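Coordinates for the following, if possible.
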Amino acid sequence: MIKYILLIAFAAFIYPQTNAQPVTKHAPRGFDSMQANIPHGKIDTITYNSKTVGNARRALIYKPPGYSKKPVRQGGNKYPVLYLLHGIGGDEKEWLNGGSPQVILDNLYAEGKLVPMIVVMPNGRAMKDDRATGNIMAPDKVQAFATFEQDLLNDLIPYIEKKFPVYTDREHRAIAGLSMGGGQSLNFGLGNLDKFAWVGGFSSAPNTKTPEQLVPDPEKAKQMLQLLWISCGDADGLIMFSKRTHDYLVKNNVPHIYYIEPGAHDFKVWKNSLYMFSQLLFKPVDPSTFSQYTVLGTPAETNVYNAKYPQILPDSRVIFRIKAPDAKTVQIDLGKKYDMLKDTGGYWQVTTDSIGEGFHYYSLIVDGLAVADPASETFYGMGRMASGIEIPFANGDYYALKDVPHGDIRIKDYFSPVTRSWRQMYIYTPPGYDENTSDKYPVLYILHGGGEDERGWTAQGKTSLILDNLIAEGKAKPMMIVMPDANIGMGGFNANGIEGSMKMFESEMKQSVIPFVEKNYRAKTDAGSRALAGLSMGGLHTLYTGINNTDVFSYLGVFSSGWIVPMMDKTAEAQYAFLKENADKINSNLKTFWISEGGPEDIAYKNGKIMLGKLDDLKIKHTYYEYPGGHTWPVWRNALYHFAPLLFQ
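Below you'll find the predicted structure:
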């Protein structure tokens, strides 16, 4: 360990500005061109005896410029080692023939950017005939790539450490590879953290184990890994294997670099990965900079099929890029407006600040006109069809698509005797609804906000995924969820318009929605099996309809809402008077009265706090929950996640 500290100190002395310089994002032009007037390392072939395979095997070894085999006591050096693996169609010479690693590394040494290291390029096909001939996809040849783990650990590494002046501890041992070798590197490196502290997968192939197998103990990985590097070209058909590993690591807060660049499955990408990865090896690294390394982001899951933009960077900044050659000005409106810049090809681009977790509406503003981004899925919100973007985050597992039983979303048209018109509702039926035909289910009626409709809780709210996962984990009772259209009445954002809408919606619920559901579905019909909840404007409906009808609903959930002060003071005072007069009945009837806000940045926060104070004064039993995020869908998804387990217990 003392020697390792001395090496790091020596490297810091030689490269004192390494950490102070801006993060390099891509290899410069000429990084892989041989320079005659610099010191050069040397490539040799070695032969070692493999007990795993049962014969002698070959590997290439790169020794850096100035390499000396003298013992340390005679003024020689010890070297860390990088094991660099090839793809399924190659052998120990693939990197040499296609990637010129000795040229890349020589140039980096000349610029003072590398810690001197030995690089070993073995044949990762551990079988007696290890040539890349015939059917390279034959089962025995594919199996040989897995067998190489034992050859590497038990035969090759001991040989290198016996024959060359190298360190023998894990902190001085790295493994990386391309394609099949990328999969091997992740499998072997992460599977043997006692042997490797530095691991890199370049365009890792389908042989890569599932993330749960690669990193079964995230805490151990955090403690033992110095650097985990995962890179791929954006046009590489195998990028899904890198992304699924990245997503798992994000979910489990394991520091790593996820590096995406323009390119396909070829040496242009792999040479750049070697250039980037090798500079980080055997030096102190700062995980806080990891998100800055990538060239490109990951296309948002809300993009339309094959749209590359918007892209989300690892630190949740978003790159927007659109083509509008004739436009004079283009902005992105994501709550905050960002001015886009046009290049010579007519493409407008901007990178935003870091955007908060979950779903957000956004618009393009082209020459002053707000329009939907043609590269994004659209959602009904803000009173019109708008683009939406989904920002992933580590704690979003509760609405992830998982291998659990799934319910169904049913879209039903019904005739309303209240409005005397055809209307629509969305209905979630839990897993097993169609099979368990004798079972009846409790029902949560959940309402959208202003400017949205019955589609909101399904599309933006991910209701079905949240409930599927809760039910599968035994955290929530199987239930139906009914999502009606709460846009009713003359409307208008004023006291009379809102109160008129609330009165009419109360009638709609009691005369149309509930009767339709209980006639056409196996819904339980007692008050103890009904819940009502809503967000924002839907929260006002919940307050009005729910408080007035605690003989119909035993559970109420009010998300990011509260009587609007001072506009709705008259309505609020009438309800507070009703609450005071009927406090005992309401407290007796309601099993749960749950109120949540999105923190001080929530536009409903002050109104909600005023209402909570009134409920305290009136001694109305309630529970308050707060989740930061403002007046947004991430807050309301989280509210449903915490509210649903309280129901029907």
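
how many neighbours does the closest residue to Lys220 other than its chain neighbours have?
Once flanking residues are discounted, Lys220 sits nearest to Leu193: 6.6 Å by Cβ to Cβ, 6 or more residues apart in numbering. (Glycine included, C-beta is placed from N, CA and C.) Neighbourhood size, Leu193 [other Cβ atoms under 10 Å]: 17.

ditto for Pro628
14.

just the one 4 residues further on next, same as before
For Thr632, the tally of surrounding residues (other Cβ under 10 Å) stands at 21.

which residue packs closest to Phe267, ignoring adjacent ones?
Leaving aside its chain neighbours, Phe267 sits nearest to Gly98 (4.6 Å; criterion: Cβ to Cβ, 6+ apart).

backbone phi and psi for the one you found, please?
phi -100, psi -20 (degrees, to the nearest 10).

quick one on the thing from earlier: pretty sure the residue nearest to Lys220 is in contact with Glu219, am I right?
No. Counting by Cβ atoms under 8 Å, Leu193 does not reach Glu219; the two are 11.5 Å apart.

What segments of the stretch 1-150 of the chain are strands?
42-50, 55-63, 81-85, 118-122 (DSSP state E, counting those that start in this stretch).

Which of these sits closest to Gln279?
Nearest of the strands of the stretch 1-150 of the chain to Gln279, taken as Cβ to Cβ: strand 81-85 at 11.8 Å.

next one: that closest one to chain centre, how far?
On the basis of Cα atoms, centre = their mean, to the nearest Å, strand 81-85 is displaced by 30 Å from the centre of the chain it belongs to.

Check stretch 38-54 too.
For stretch 38-54 - counting by Cα atoms, centre = their mean - the centre lies 41 Å from the chain centre.

Name the residues of it that are buried.
Within stretch 38-54, the residues scored as buried using 16 or more other Cβ atoms under 10 Å are 40-41, 43, 46, 48, 50, 52-53.

What is the nearest of these to Glu92?
Checking these against Glu92 by Cβ to Cβ gives Ile46 as the nearest, at 9.6 Å.

Pick out the residue nearest the middle of the protein.
Pro392 (3.6 Å; Cα atoms, centre = their mean).

my guess is it contacts Leu249, does it?
No. The pair Pro392 and Leu249 does not pass the contact test of Cβ under 8 Å, sitting 11.9 Å apart.

between those two, what contacts are shared?
Counting by Cβ atoms under 8 Å, 6 or more residues apart in numbering, Pro392 and Leu249 have no shared contacts at all.

Nearest residue to Met611 in space, please, no chain neighbours.
Using Cβ to Cβ, 6+ apart, the closest residue to Met611 is Gly562 (4.1 Å).

Output stretch 153-162 as CSV, restricted to C-alpha atoms.
Output of stretch 153-162 as CSV, limited to C-alpha atoms (Å, rounded to 0.1, in the frame of the first residue of the first chain):
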residue,chain,number,x,y,z
LEU,A,153,-7.1,-16.0,-13.1
ASN,A,154,-5.3,-19.2,-12.6
ASP,A,155,-2.8,-19.3,-15.4
LEU,A,156,-2.1,-16.0,-17.2
ILE,A,157,-2.1,-13.5,-14.3
PRO,A,158,0.2,-15.8,-12.2
TYR,A,159,2.5,-16.0,-15.2
ILE,A,160,2.7,-12.2,-15.7
GLU,A,161,3.3,-11.7,-12.1
LYS,A,162,6.1,-14.2,-12.0
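
Can you give me the buried ones in it?
Buried-residue list, stretch 153-162, by 16+ other Cβ under 10 Å: 153, 155-157, 159-160.

one step back: got a list of what the residue nearest to Lys220 touches?
Applying Cβ under 8 Å, 6+ apart, the residues contacting Leu193 are 170, 220-221, 224-225.

How about Pro255?
222, 225, 228, 287, 290.

rewinding a little: how close does the residue nearest to the centre of the chain get to Gln213?
22 Å (Cβ to Cβ, to the nearest Å).

So Cys232, which state does it fall into?
Under DSSP: H, G, I helix; E, B strand; the rest coil, Cys232 falls in the strand class.

I figured it hits Leu238, correct?
Yes. Judged on Cβ under 8 Å, Cys232 makes contact with Leu238 at a distance of 7.0 Å.

neighbour count winner among the two?
Under the criterion of other Cβ under 10 Å, the comparison of Cys232 against Leu238 puts Cys232 first, with 28 against 19.

Just the pLDDT at the more buried one, thanks.
On pLDDT, Cys232 comes in at 98.

ok, what's across the strand from it?
Ile260 (DSSP bridges).

Same check on Asp408?
Bridge pairing for Asp408 - DSSP bridges - gives Thr429.

which residues does it contact?
Per Cβ under 8 Å, 6+ apart, neighbours of Asp408: 428-429, 433-434, 464.

Run a quick neighbour tally on the residue nearest to Met611.
Gly562: 25 neighbours (other Cβ under 10 Å).

How many neighbouring residues does Ala56 have?
Ala56 has 9 nearby residues by other Cβ under 10 Å.

Tell me the confidence at it?
Looking at Ala56, the pLDDT reads 98.

Would you tell me what helix or strand the residue nearest to Asn187 when sequence neighbours are not counted is located in?
Computed as Cβ to Cβ, 6+ apart, the closest residue to Asn187 that is not its neighbour in sequence is Lys209, at 5.3 Å. Taking DSSP states H and E as the definition, one finds Lys209 inside no helix or strand.

Find residues that contact each of Cys232 and Leu238.
Joint contacts of Cys232 and Leu238 (Cβ under 8 Å, 6+ apart) are 203-204.

Mind pulling up the pLDDT for Met1?
The model's pLDDT for Met1 equals 35.

and if you look at Gln74?
Taking Gln74 on its own, its pLDDT is 56.

before we move on, what about Lys70?
For Lys70, pLDDT reads 74.

Give me the neighbour count for it.
For Lys70, using other Cβ under 10 Å, the count is 10.

What of Gly451?
16.

wait, it sits on Gly383?
Yes. The criterion here is Cβ under 8 Å, and Gly451 meets it with Gly383 at 4.1 Å.

Please pick the buried ones from the contacts of Leu193.
In the contacts of Leu193, the ones that pass as buried (16+ other Cβ under 10 Å) are 170, 221, 225.

Can you tell me, leaving aside adjacent residues, what's nearest to the first one?
Translated: Arg170. Ala197 (4.8 Å).

Could you measure from the one you found over to Asn253?
Distance from Ala197 to Asn253, by Cβ to Cβ: 19 Å.

Same check on Phe164?
37 Å.

Over to Asn303?
Distance from Asn303 to Asn253, by Cβ to Cβ: 26 Å.
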